[in-house]
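# My questions concern the predicted model and sequence given below.
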Amino acid sequence: MLNDRSHYLFKSLMGLYLNDGKPVGSSTLAKLPDIGLSSATVRNVLADLEKLGFIHAPHTSAGRVPTERGYRLFVDSMLTYQPMSPKSIETIRHELSPNLNQDALMQSASKVLTDITGMTSLVLLPNKEREILQHIDFMALGGNRVLVVLVFNDQDVQNRIIELETAVSASELEQISNYLNAHCVGKNLQDAKKMLVAQMDKIRHSTNQFMLSVIEATDEVLTQQLIPQLPFLVGGQSKLLNYQELANSDKLRALYQAFEQHSGILSVLDKSLAAPGVQIFIGNECGSAIYHDCSIVTKPYEVDGEVLGVLGVIGPSRMPYAKVIPKVDITAKILGSLLKKTERNLS
């Protein structure tokens with residue numbers, strides 16, 4: 001669509017604008033050492049770019065800034081990525097410790113993304129149904145009270161205190177624990193829950209009300225584990241204060257409210273689930289007019305080719321894409337490799 005001269009001038013304008021966020025005038029471009037054109041010629045090229053919808057003048061007699069269409073042209077056909085150094089990649093690996101449980105690992109990934117990009121991070125969480133039940137235990141607390149303990153993925157522990165109609169002995173609890181471990185351990189949460197429901201149906205036809213109560217309590221803990229507390233994590237919202245175009249109090253209030261209400265974000269993350277590689281959403285592509293002047297960069301994380309979730313960042317459309325995109329890409333790959341190690345250790 002653009003000839004070589006228009007292409008070069010537009011790319012130069014984008015470089016200047018992404019660097020300092022100020023409208024770029026024709027005289028500024030004409031002074032660049034590699035342009036070799038008069039201000040009048042540059043002005044004519046900019047006028048053509050404006051007619052094509054790639055740039056606009058925010059104020060009369062001001063320089064030009066890119067439109068959403070201009071950003072799209074730039075990221076799709078002009079962007080040259082800046083690869084991360086081995087030292088920076090190793091820092092991410094160090095921060096995302098394989099010793100963390102899955103929930104803590106997701107929180108850590110959110111923090112790492114915020115720290116290395118200076119943007120607000122987004123992490124779509126994995127489906128809880130994939131978690132593996134590793135161990136079931138019961139502990140008598142005295143009287144009729146029993147502590148139900150479930151271990152998932154070898155590190156995530158959930159528990160619940162129940163009160164039975166009659167007192168219970170440690171030997172009885174051990175017997176039930178052995179029984180449930182034999183039938184449920186090693187299964188994912190959904191299959192383990194199906195097994196518990198089947199066992200409850202059998203026991204209801206017997207007179208063992210005590211065993212039924214314990215299994216029902218175990219099922220309740222599993223059910224709570226399956227319910228996602230949040231569809232995605234948002235971290236580092238305060239980083240948006242560092243960008244003049246987003247630091248307006250009304251704009252920030254609207255963005256924070258949108259994060260809480262998941263406005264547009266879930267649709268973007270769902271689109272990312274179905275698309276391989278890094279995805280870039282600019283302005284209205286983010287699913288809501290609230291994200292005008294914003295861009296979202298996402299990348300799915302996966303294990304053995306199966307996509308488990310998405311991570312990414314949201315920041316100003318005037319973000320340093322060449323640096324941000326590799327950081328999101330590498331973090332997603334490292335997160336997937338750590339989740340794979342966790343699953344391998346559990347199998």
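Ah, there it is. Numbering: from 1, shown residues only.
# Helices of this structure, start to end?
Listed in chain order, the helices of the chain (DSSP state H) span residues 4-20, 26-30, 39-51, 68-77, 86-95, 102-117, 170-184, 189-204, 209-226, 249-261, 265-273, 321-346.
# could you redo those helices as CSV and give each row distance to residue 290 and mean pLDDT?
Every residue, glycine included, has its C-beta placed from N, CA and C. Converted to CSV, the helices of the chain look like this (distance: least, C-beta to C-beta, whole Å; pLDDT from 0 to 100):
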stretch, distance to residue 290, mean pLDDT
helix 4-20, 22, 93
helix 26-30, 32, 92
helix 39-51, 26, 94
helix 68-77, 14, 96
helix 86-95, 30, 92
helix 102-117, 20, 91
helix 170-184, 45, 88
helix 189-204, 35, 81
helix 209-226, 31, 79
helix 249-261, 5, 85
helix 265-273, 10, 87
helix 321-346, 21, 84
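# Can you check which of these gets nearest to residue 137?
helix 170-184 (5.5 Å; C-beta to C-beta).
# Could you export the helices of the chain as TSV, including distance to residue 145 and mean neighbour count?
Compiled in TSV, the helices of the chain are given as follows (distance: least, C-beta to C-beta, whole Å; neighbours: other C-beta atoms under 10 Å):
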stretch	distance to residue 145	mean neighbour count
helix 4-20	62	17
helix 26-30	75	18
helix 39-51	73	16
helix 68-77	59	18
helix 86-95	41	13
helix 102-117	27	20
helix 170-184	12	15
helix 189-204	21	16
helix 209-226	11	18
helix 249-261	37	14
helix 265-273	40	18
helix 321-346	31	19
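# right, so of those, which gets closest to residue 159?
Closest of these to residue 159 is helix 209-226, at 7.2 Å (criterion: C-beta to C-beta).
# For the residue nearest to residue 317 when sequence neighbours are not counted, give me its contacts.
Among residues not flanking residue 317 along the chain, residue 295 sits closest, at 4.6 Å (C-beta to C-beta, 6 or more residues apart in numbering). By C-beta atoms under 8 Å, 6 or more residues apart in numbering, the contact set of residue 295 is 71, 280, 281, 282, 283, 286, 314, 315, 316, 317, 319, 321.
# Turn the helices of the chain into a markdown table, including distance to residue 152.
Rendered in a markdown table, the data for the helices of the chain read as follows (distance: least, C-beta to C-beta, whole Å):
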| stretch | distance to residue 152 |
| --- | --- |
| helix 4-20 | 44 |
| helix 26-30 | 58 |
| helix 39-51 | 55 |
| helix 68-77 | 40 |
| helix 86-95 | 23 |
| helix 102-117 | 8 |
| helix 170-184 | 12 |
| helix 189-204 | 7 |
| helix 209-226 | 7 |
| helix 249-261 | 28 |
| helix 265-273 | 23 |
| helix 321-346 | 10 |
